[in-house]
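Q: Have a look at this fold, sequence not included:
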Ligand code: BG6
Ligand code: MG
C-alpha cells in the first residue's frame, strides 16, 4: 500500500449526489400518517443511510408499534413505501445533481482517480440513470449483494475491493452518521457533508457538496 496517496473516491448517493432524502421522507410520511404514527423531518434524520426495513422498524418504534405487525405485514408496508417512493423518483432530472458534483467528478476523471457509488439503496441504479451520472463511475455497488448495511463497513470495503484499491487510499463521502461510521470502520478517510453536529465523527466536515474540490481533499488526505 502506498501511504497518503489518494486513489479513489467512494460516494454515497442519497444526500450526496442528489437530494433524494426528501422523497424518502415524503414516502415514509405518507405511510406513517396512514398507520397513525408520529413522524416528522427531525425524526427522519435518524433514517438517513439506514436500510429500508430498519427504517420501518425505527418509524414503528416512534409510535410504540414495533410489535403490532407480523413480519409479512411489515414487508408489505415497506413495499408500499417503495412503490410510492419510486413514483416520486420520476421527478428527478439531471438538474437535480447537487452543486459541485459534476465539476468534482470531472476533476477526478482528469487525473484518473477511481470513483464508486456505495449506496444501500436498491433504487440507486435508477436514480443514477435519471441524473445521467452513471457514466462517471468505475463501480456501482449492488445493495442486494452487501450482507450488512451501514454502519457496518461492508459496502465501502466492497467498493474498494472492486476498484482494486486499498481502503487506506480512499476517501468516502457521506451525509449520514451511519455512513460516516461505515467509512471510518472500512479504514477510509471520511468526508462528511452537513453540519458539525450531524457529522461529528467525520474526519473532514464540508457544509455543502459545492465544497468538494480535489486539491483541498488531496492536501487534507496527505495531512491525515
Ligand atoms: C439510503 C437512504 O441511501 O438508502 C435511506 O439514506 C434508505 O434513507 C436506504 O432507507 C434504502 O433505500 P431504498 O431505496 O432501497 O429503500
Ligand atoms: Mg446519504
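A: On my side now, so go ahead. Remember, it's a predicted structure, so these values are computed and weren't measured experimentally. Ligands and ions are numbered 1, 2, ... in the order given.
Q: Can you name the residues of the chain that neighbour ligand 1?
A: Within the chain, the residues that sit near ligand 1 (C-beta under 6 Å from any ligand atom) are 13-14, 24, 47-52, 55, 82, 119-123, 176. (Glycine included, C-beta is placed from N, CA and C.)
Q: mind redoing it with 8 Å?
A: 12-15, 20-21, 24, 47-52, 54-55, 78, 81-82, 85, 119-124, 143, 149, 176, 179 (C-beta under 8 Å from any ligand atom).
Q: Of the residues you listed, which belong to helices?
A: Judged by DSSP state H, the subset of the residues of the chain next to ligand 1 located in helices is 21, 24, 52, 54, 55, 78, 81, 82, 85, 124, 179.
Q: Could you identify the buried members of these?
A: Buried subset of these (neighbour count, 16 or more other C-beta atoms under 10 Å): 21, 24, 52, 54, 55, 78, 81, 82, 85, 124, 179.
Q: ok, these vs residue 139, which is closest?
A: Taking C-beta to C-beta as the measure, residue 139 sits nearest to residue 124 out of those, at 12.0 Å.
Q: Go ahead and confirm the closest one touches residue 117.
A: Yes - if you go by C-beta atoms under 8 Å, residue 124 and residue 117 touch, sitting 6.2 Å apart.
Q: check contacts around the residue of the chain most remote from its centre.
A: Within the chain, the residue lying farthest from the chain centre (C-alpha atoms, centre = their mean) is residue 68, at 29.8 Å. Residue 68 makes contacts with residue 60, as judged by C-beta atoms under 8 Å, 6 or more residues apart in numbering.
Q: Please settle this for me: is it part of a strand?
A: No - under DSSP: H, G, I helix; E, B strand; the rest coil, residue 68 falls outside any strand and is assigned coil.
Q: could I get the ones in helices among the residues of the chain next to ligand 1 as TSV with distance to residue 217?
A: What follows is those, written out as TSV (distance: C-beta to C-beta, whole Å):
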residue	distance to residue 217
21	23
24	27
52	31
54	30
55	30
78	36
81	35
82	34
85	32
124	23
179	17
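Q: Flag the least confident of these.
A: Among those, residue 21 carries the lowest pLDDT, at 90.
Q: what's the closest non-adjacent residue to it?
A: Once flanking residues are discounted, residue 21 sits nearest to residue 15: 4.8 Å by C-beta to C-beta, 6 or more residues apart in numbering.
Q: low-confidence ranges in this protein?
A: Judged against pLDDT under 70, the low-scoring parts of the chain cover residues 1-3.
Q: can you pull the contacts of the residue of it found nearest ligand 2?
A: Nearest to ligand 2, among the residues of the chain, is residue 15, at 3.6 Å (C-beta to the ion). Contact analysis of residue 15 by C-beta under 8 Å, 6+ apart lists 21, 48, 175, 176, 193.
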